[in-house]
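S.K.: Sequence plus predicted model, see below.
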Amino acid sequence: MKTLNADMSDLDKLFEALSFLKEIRDLDSVLAAVGLDSLPTAQKYGILFGIITFTVTVTTVIGLLVLGGSFKRMADQSRTGAASIPDAIEERVTRPLLLERLLDAQERLLEKYPQPLLTEKMTPLCEMLLNIAPDVAKAKEVMENLIVENEVDKKKKDAKLKDFIPEGYEDNYVQAYRRCQDKPGGATISGVPEARFEAYARACAGCGSYATATYCRSYARLYEAVACVNHASEKKYREHWLERPGDIVGRTIRLEPLEPGRHLDDFFAMTCGDAYKENRSFDPNETWAFHPKGPFKIPQEMQKSFLFQRKMNEAGFAIVESLTGNMVGVVFLSNDDPQNLSINLELPIVKPSSEGTVEPIEGCFLLIDRLFSIGYRRIELSVDSMDTRGKKLSGRLGFTQEGLLPKDRISKESNRDSVIYGMLNSDWDKGARAFLFKKLHGDKALKFDIRNESGESELETQNKFLAEEKAKETAEDKKKK
């Protein structure tokens, strides 16, 4: 090897330092080049295999870094100055597809069964959950054509009116009206002293005869509070009730039965990814990555999907802001099982800017509260194992994680592992409801709700006892006569 001198360029120095590689022909020449040619044969081969292992290991690591995208992310981070770790949505979109033979098997096996009956109209489950109310429009139409000339005509008119009033509604309305008269939930609105009583009564009676008294009182007090803030709010909620009495009303939102004619265009516009009203454009996969279908190219494609084509044991609701009337998203119920008093709640589908806000959470609360009030024992929530937002929302709603089902579903031709969450009626009554109620409406509202329920339930018990005693006295008087 020649001696290096300062006059040589760096490149010449490098070539000169590596000139010994020309003399390498075999393992002995390699060992001689590094001064290890005098070692025993066993040690020579040990060093050889060590070099081979090192080379393979380094090559494998580099290959994994390249194929896994680490180098690309490092390059992006150096260029933008921000971390570029793939999020759950990107991971979901790039999830491996099923084998072709499995997709063929799915199609072949589905052909053996009749297609389920689907409808765009209101399903029986949806009708069961909505508020009940007299058919005011039809009643007015019929009453205008009836002429009252005597007492007999008046009785006929009263009998005809009952045809437009749901069973039990009138009695529940009268009782609720009197309760609110005795103990209103706030100050009387000047000029319309009966407005607060009417708001409470129509909300309480609207819950129907099968909801628990506790639920009816709580729902009615909340409705009374939001409807009777001032003259404008009283008029707004009264007119809305006359137009759409079935809607389930909360503090910040109301739930409307999902209808293509009323909700399709707005829901497509807010979830297609284009700029919509106050929202900027976004990647539509942020909304649709973890749902069985979507994004959709046109409204008609959305209309033919699971969103508006529902089975008889499903129900869909639009989440609508009370203040603005703007649609926020949708929420669904599925797999209704009356035999076992259980049902599935699906995660709300909302625009990205509404993720984690109070509106979708209150939409879920209104449904959960009503389901348990009419007799359901268990509500299940199934979430894609990769959906971090969905799992976070399940916790915020108070659901308990019950397990993981590997390969539970096929979603967009890919395997989906499902995390199963559950809510029991006993858990709801023992604290889950109060936890979520406080999160939505505040500690002050929760304390008022508890205090109001305690007072009204005690009063109801007293009235029931007095009614029973009066009935006994009446029966005894009849016996004496």
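M.R.: Arrived safely, thanks for sending.
S.K.: P299 is in contact with D265, correct?
M.R.: Yes - at 6.0 Å, D265 and P299 qualify as touching, with contact defined as C-beta atoms under 8 Å. Just so you know, the C-beta spots here come from the backbone N, C-alpha and C atoms, and that holds for glycine as well.
S.K.: So which of the two has more stuff around it?
M.R.: Set D265 next to P299 and count neighbours by other C-beta atoms under 10 Å: P299 wins out with 17 against 14.
S.K.: Skipping adjacent residues, who's closest to the more buried one in space?
M.R.: Nearest residue to P299, sequence neighbours excluded (C-beta to C-beta, 6 or more residues apart in numbering): F268, at 4.4 Å.
S.K.: mind listing what that neighbour touches?
M.R.: Counting by C-beta atoms under 8 Å, 6 or more residues apart in numbering, F268 makes contact with F296, I298, P299, M302.
S.K.: Which secondary structure element is home to the last one?
M.R.: In this assignment (DSSP states H and E), M302 forms part of helix 299-303.
S.K.: then stretch 284-297 to CSV, C-alphas only?
M.R.: Extracted C-alpha coordinates of stretch 284-297, given in CSV (Å, rounded to 0.1, in the frame of the first residue of the first chain):
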residue,chain,number,x,y,z
PRO,A,284,-64.4,12.3,2.8
ASN,A,285,-62.7,9.3,4.2
GLU,A,286,-62.6,11.1,7.5
THR,A,287,-66.3,10.5,7.7
TRP,A,288,-66.7,7.2,5.8
ALA,A,289,-63.6,5.2,6.5
PHE,A,290,-65.1,3.0,9.1
HIS,A,291,-68.6,2.6,7.7
PRO,A,292,-69.7,-0.2,5.4
LYS,A,293,-70.3,2.1,2.4
GLY,A,294,-69.0,5.5,1.3
PRO,A,295,-67.8,8.0,0.3
PHE,A,296,-70.6,8.5,-2.2
LYS,A,297,-70.2,10.3,-5.6
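S.K.: in it, what counts as buried?
M.R.: Neighbour counts over stretch 284-297 (16 or more other C-beta atoms under 10 Å) mark P284, E286, T287, W288, A289, F290, H291, G294, P295, F296 as buried.
S.K.: Dump those into a markdown table; add pLDDT, distance to A211 and secondary structure as well.
M.R.: Converted to a markdown table, these look like this (pLDDT from 0 to 100; distance: C-beta to C-beta, whole Å; DSSP: H, G, I helix; E, B strand; the rest coil):
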| residue | pLDDT | distance to A211 | secondary structure |
| --- | --- | --- | --- |
| P284 | 93 | 38 | coil |
| E286 | 91 | 37 | helix |
| T287 | 94 | 33 | helix |
| W288 | 95 | 35 | helix |
| A289 | 93 | 37 | coil |
| F290 | 94 | 33 | coil |
| H291 | 94 | 31 | coil |
| G294 | 93 | 34 | coil |
| P295 | 95 | 38 | coil |
| F296 | 96 | 36 | coil |
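S.K.: picking up where we left off before, what strands flank the helix or strand that the helix holding M302 is followed by, and is each parallel or antiparallel?
M.R.: As assigned by DSSP H and E, the chain's next helix or strand after helix 299-303 is strand 315-321. Next to strand 315-321 in the sheet, as set by DSSP bridges, lie strand 253-257 (antiparallel), strand 327-337 (antiparallel).
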